[in-house]
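Chemist: prediction below, plus the sequence it came from.
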Amino acid sequence: MNATAVEIISSRAVPLGGPRAMTVHRTLPHRQRSLIGAWCFVDHFGPDDVSKTGGMDVAPHPHTGLQTATWLFTGEISHIDAGGGRGFVHPGEFYLMTAGDGISHTETTTEKTTILHGVQLWIALPDATRSTAERDLAYFKPPVTELDGGQLKVFMGELMGAASPVHSHTPMVGAEITIDPRSEIVLDLNPEFEHGVIADSGTIVVADTELEKTQIGYTGIGETRLRIRNDSDDMGRALFIGGEPLREEILMWWNFIGRDHDEIVRFRDTWQASQGEDV
């Protein structure tokens, strides 16, 4: 049996907002890899003491051609978008905003939050639906699925007998995984998917490759099982993402996803002309 090949994708620190900004650790997009399935963006933040950093305070900004996904470990975020979507994101609850051909939103840490810790991800919409997908805000609180050695919460797609009702425009999967101290879980995979494990806490080892916090351990298509281990004496936690390779050339600039330069310019000009209005 061949060993699973694991590619490590390291993060870079990025200030989110102005000079007094919360720092996030961005792994996707990366020079070595832009996509894992249709997942095209990963920002890992915290644990962040909001009394020192101000937390998340993102002014109204636009998106096109994508979905934003927020998953918190601790804290609370207020979400308001121009499509009429409003909500408070809590730990263990999945919020997915579909931008379609254009939407703006704000994301702000609430006053009750002291420590903010979580991950925000983007999903690239396929060309077939990116202009027609309805602007929407979906919510789902996944139940806990018990595994030998740990637990998982499936917020997108299907994994280990658990499934999410949240609609995806391409075949994909997303889940939070917790692993008991000095324990291992084994996941059954869809071999048509590529996958990534985003390390958060504990000592996460994918196959036999140890990850540092915020790194992604990537595995390509063809894998049917994946061993994930926690070598620490504390609980381990990671996010698990994957999907069928998108096989489309996308162009990402700022908060826009398009297919060519002229389209991105049009998105930018539309936003600049409509500031102060819903898009």
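Modeler: Happy to help now that I have it.

Chemist: what about the longest helix in this protein?
Modeler: helix 261-273 (DSSP state H).

Chemist: contacts for that helix, please.
Modeler: Pro62, Thr64, Gly102, Ser104, Leu251, Trp253, Trp254, Phe256, Gly258, Val279 (Cβ atoms under 8 Å, 6 or more residues apart in numbering). Any C-beta I mention is one placed from the backbone N, CA and C, and that applies to glycine too.

Chemist: contact partners for the closest residue in space to the fifth one that isn't next to it in sequence?
Modeler: So that's Leu251. Excluding the flanking residues, the one nearest Leu251 by Cβ to Cβ, 6 or more residues apart in numbering is Gly258, at 5.1 Å. Gly258 makes contacts with Thr64, Gly65, Ile250, Leu251, Ile264, Phe267, as judged by Cβ under 8 Å, 6+ apart.

Chemist: mind listing what's buried in stretch 217-233?
Modeler: Gly217, Tyr218, Thr219, Glu223, Leu226, Ile228, Arg229, Asn230 (16 or more other Cβ atoms under 10 Å).

Chemist: stretch 28-46 now?
Modeler: 28-30, 35-46.

Chemist: circling back: quick one: the buried residues of stretch 217-233 as TSV, columns for distance to Phe193 and secondary structure too.
Modeler: Listed next are the buried residues of stretch 217-233 as TSV, based on distance: Cβ to Cβ, whole Å; DSSP: H, G, I helix; E, B strand; the rest coil:
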residue	distance to Phe193	secondary structure
Gly217	15	strand
Tyr218	12	strand
Thr219	9	strand
Glu223	8	coil
Leu226	11	strand
Ile228	15	strand
Arg229	21	strand
Asn230	23	strand
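
Chemist: widest-spaced pair of those residues?
Modeler: Farthest apart among the buried residues of stretch 217-233 by Cβ to Cβ are Glu223 and Asn230. That separation is 19.8 Å.
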